[in-house]
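1. here is a sequence together with a model predicted from it:
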Amino acid sequence: MKTPLGWRTVSLGDIAHLRYETVDPANAAAERYVGLEHIDSGSLRIKRWGSPSDVRSAKSRFYTGDLLYAKLRPYLDKGAIAEWEGICSTDILVMTPSKEVDAYFLGSYMHQSDFLRHASSMMTGVNHPRTSWHSLSSFGLLLPPLKEQRAIASVLRTIQQAKEATEKVILATREFKRSLMRHLFIYGSTSTNEADRVPLKETEIGLMPKHWELRRLGEMARIERGKFAHRPRNDPAFYGGDVPFIQTGDVTAAAARDGRLRTYSQTLNDRGLGVSRLFPRGTLAITIAANIGYATILEFDAAFPDSIIAITPKDSAVSSGYLNYYIATQQAEMDRLAPRGTQKNINIQFLAPWPVKVPPSAEQQQILEILKAVDQKIRAEQLRQDALGRIFDALLSNLMNGRGRVAHVEVA
């Protein structure tokens with residue numbers, strides 16, 4: 001592709017320099033400390049931080065407008081713009097852009113796939129692979145005039161701000177859902193204004209409406225363990241067919257979204273299915289090893305290993321949808337009570353006597369509909385966030401390489 005007029009090829013070292021300034025945290029006169037754990041993959045903003053009093057060894061100082069780039073495991077794509085002064089881990093490179101480059105433009109470039117490939121290809125070390133300023137500084141990139149850099153940065157910043165606004169809506173809606181669930185499983189489907197009029201009774205697991213029953217999970221549902229009998233589990237001869245095969249990570253991720261498992265990344269062939277077990281769509285799956293008590297409902301037939309348990313209601317006394325939401329309120333307690341060996345785990349004997357608050361079927365349905373409406377809102381916002389992410393990635397690639405151009409460059 002022909003280089004756009006006014007653009008030129010430079011190396012990162014031509015337009016930025018590494019800031020070499022280390023300090024003792026005790027004498028840094030800084031209010032904020034940034035570690036690797038405080039930088040989110042793919043994000044240019046630092047949204048959380050620690051205190052200098054929490055760390056001891058020498059740290060790097062940074063200033064407003066510097067770029068912070070994680071040299072440890074660069075494939076994790078951790079790079080951000082400093083919006084305030086502070087200190088950071090020495091596993092973070094502190095770069096200062098020159099006057100001929102816009103900091104947001106350059107920071108965005110560091111999240112582009114070409115830069116990530118370069119950074120990852122230059123890693124050294126096995127257990128703790130790192131890149132270096134020497135390796136990164138040689139990276140070549142196309143640099144547009146400063147006005148066009150700022151125009152590109154403005155477009156990308158607008159998309160990023162929309163993503164962040166959507167994330168705030170998602171977080172606020174999830175917090176509302178948690179509060180709503182606490183109310184629903186104590187007072188039932190009655191509104192908060194009428195809650196003080198609901199007759200309650202005390203049970204071994206707390207208050208609930210008098211007309212509800214307290215029953216055991218094993219009384220109301222079949223509890224069956226998943227299966228994958230072959231060892232080693234990762235033998236490729238059993239994979240690559242048409243049967244979805246889910247793992248605890250899939251269930252945990254779905255539980256964090258809306259409790260519905262809609263996607264999978266691994267499949268079994270006929271041989272794999274022969275050593276596993278297939279469960280039908282609508283089954284409630286719950287994790288029992290490492291990640292304890294996370295539940296989701298299958299949106300497709302799927303097989304899974306013995307680190308996941310299937311729960312199927314025996315009759316109409318309780319629905320899978322209601323159980324899914326109820327178990328979500330019990331996850332923390334299940335995790336707390338899980339036996340601890342090499343790793344936490346629970347089993348059918350642990351789950352069978354688990355107490356369940358059971359309202360009449362009509363009220364279960366009301367609770368289900370209330371919570372499904374909130375989940376639909378969360379899912380809509382997640383889809384919007386995903387779409388914005390795809391737009392950002394496409395613009396990042398096209399604008400940074402000159403394949404796409406900002407129509408009117410008027411940014412001062």
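-> Everything's here; your move. Everything quoted here is computed from the prediction, not taken from an experiment.

2. switch to C-alpha atoms for all contacts and neighbour counts from now on
-> Noted.

3. can I assume Thr287 sits in a strand?
-> Yes. Assessed with DSSP: H, G, I helix; E, B strand; the rest coil, Thr287 lies in a strand.

4. list the residues that contact it.
-> Thr248, Val251, Thr252, Gly293, Tyr294, Ala295, Ser307, Ile308, Ile309 (Cα atoms under 8 Å, 6 or more residues apart in numbering).

5. need the pLDDT of the closest residue in space to it that isn't next to it in sequence.
-> The shortest distance from Thr287 to any non-neighbouring residue, by Cα to Cα, 6 or more residues apart in numbering, is to Ile308 (4.6 Å). At Ile308, the pLDDT value in this model is 97.

6. so how far is Arg48 from Pro305?
-> 37 Å (Cα to Cα, to the nearest Å).

7. which parts of this protein are helices?
-> 12-15, 103-109, 113-121, 133-137, 146-187, 217-220, 248-257, 270-274, 320-337, 348-351, 361-400 (DSSP state H).

8. number of residues surrounding the closest residue to Ser113 other than its chain neighbours?
-> Once flanking residues are discounted, Ser113 sits nearest to Ser397: 7.9 Å by Cα to Cα, 6+ apart. Neighbours of Ser397 under the rule other Cα atoms under 10 Å: 18.

9. so Ser397 is in contact with His111, correct?
-> No. Using Cα atoms under 8 Å, Ser397 is not in contact with His111, being 9.6 Å away.

10. quick one, what contacts the residue most central in space within the chain?
-> Residue closest to the mean C-alpha point of the chain, counted by Cα atoms, centre = their mean, is Ala253 at 7.7 Å. Applying Cα under 8 Å, 6+ apart to Ala253 gives no contacts.

11. hmm, Tyr325 and Ser319 touching each other?
-> No. Under the criterion of Cα under 8 Å, Ser319 makes no contact with Tyr325, lying 10.3 Å away.

12. for the stretch 201-350 of the chain, give me the ranges with low pLDDT.
-> Along the stretch 201-350 of the chain, the model assigns pLDDT under 70 to residues 342.

13. quick one: the strands in it, in order.
-> Using DSSP state E, counting those that start in this stretch, the strands found in the stretch 201-350 of the chain span residues 206-209, 213-216, 221-225, 239-244, 260-261, 267-268, 278-279, 284-289, 291-298, 302-303, 308-313.

14. just give me the neighbour total for Gln161.
-> Neighbour tally, Gln161, other Cα under 10 Å: 12.

15. and the pLDDT at it?
-> The model reports Gln161 with a pLDDT of 93.

16. gap between it and Glu167?
-> 10 Å.

17. swap in Asp270?
-> The spacing between Asp270 and Glu167, counted by Cα to Cα, is 41 Å.

18. again with Leu388
-> Taking Cα to Cα, one finds Leu388 at 11 Å from Glu167.

19. now do Ala255
-> The spacing between Ala255 and Glu167, counted by Cα to Cα, is 17 Å.

20. more neighbours, those two?
-> Higher neighbour count among Ala255 and Glu167: Ala255, with 21 against 17, using other Cα under 10 Å.
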